[in-house]
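Peer 1: structural data only, the sequence is not supplied:
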Ligand SMILES: O=c1ccn([C@H]2C[C@H](O)[C@@H](CO)O2)c(=O)[nH]1
Ligand SMILES: [Zn+2]
């Protein structure tokens with residue numbers, strides 16, 4: 001599964017977006033260590049704040065199936081620049097992914113930005129930060 005293939009998967013995932021309020025479809029494709037690709041779309045709600053982003057949908061699908069090791073993530077939306085994940089999704093990426101894990105951002109025009117989890121959220125609060133306090137108890 002190369003970058004182009006994962007980007008193509010994210011576009012397929014985007015078609016499932018449930019976006020009656022924003023009409024803004026987002027797709028994500030999360031490549032697990034074993035080669036499985038988890039699709040995610042954004043899922044909105046009449047109570048707007050209950051909306052779940054495409055990226056977190058993909059992570060939560062994988063983790064709820066017992067999968068927590070990932071190799072790459074692709075995200076797509078109809079944006080002018082390659083789609084930029086929100087802060088909440090960056091924090092979830094930092095929970096489960098190594099800082100050097102590649103993230104491929106794209107749009108429908110075909111612009112692609114390759115970045116990493118660490119570049120998207122430098123200095124992230126991580127499980128290791130909780131371990132420090134726990135180690136003193
Ligand atoms: O990276 C992003 C940015 C936004 N959204 C969703 C949330 C909401 O449904 C809509 C508008 O913010 O797009 C995502 O899924 N991922
Ligand atoms: Zn998000």
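Peer 2: All right, it came through fine. These numbers were taken from a predicted model, which means no experiment stands behind them. Ligands and ions are numbered 1, 2, ... in the order given.

Peer 1: now do the contacts for the residue nearest the centre of the chain.
Peer 2: Centroid-nearest residue in the chain: residue 55, 3.0 Å away (criterion: CA atoms, centre = their mean). Residue 55 makes contact with 26, 28, 30, 40, 73, 75, 85, 89, 92-93 under the criterion CB atoms under 8 Å, 6 or more residues apart in numbering. C-beta coordinates here come from the backbone N, C-alpha and C atoms, glycine included.

Peer 1: near ligand 2, which of those show up?
Peer 2: residue 89 (CB under 5 Å from the ion).

Peer 1: quick one: which of the contacts of residue 55 is nearest residue 102?
Peer 2: residue 73 (7.7 Å; CB to CB).

Peer 1: list the contacts of the closest residue to the residue nearest to the centre of the chain other than its chain neighbours.
Peer 2: Nearest residue to residue 55, sequence neighbours excluded (CB to CB, 6 or more residues apart in numbering): residue 89, at 3.9 Å. Counting by CB under 8 Å, 6+ apart, residue 89 touches 53, 55-56.

Peer 1: tell me the helix or strand right after the helix or strand residue 113 falls within.
Peer 2: Assigned by DSSP states H and E, residue 113 belongs to strand 112-116. Under the assignment DSSP H and E, the closest C-terminal helix or strand after strand 112-116 is helix 117-120.
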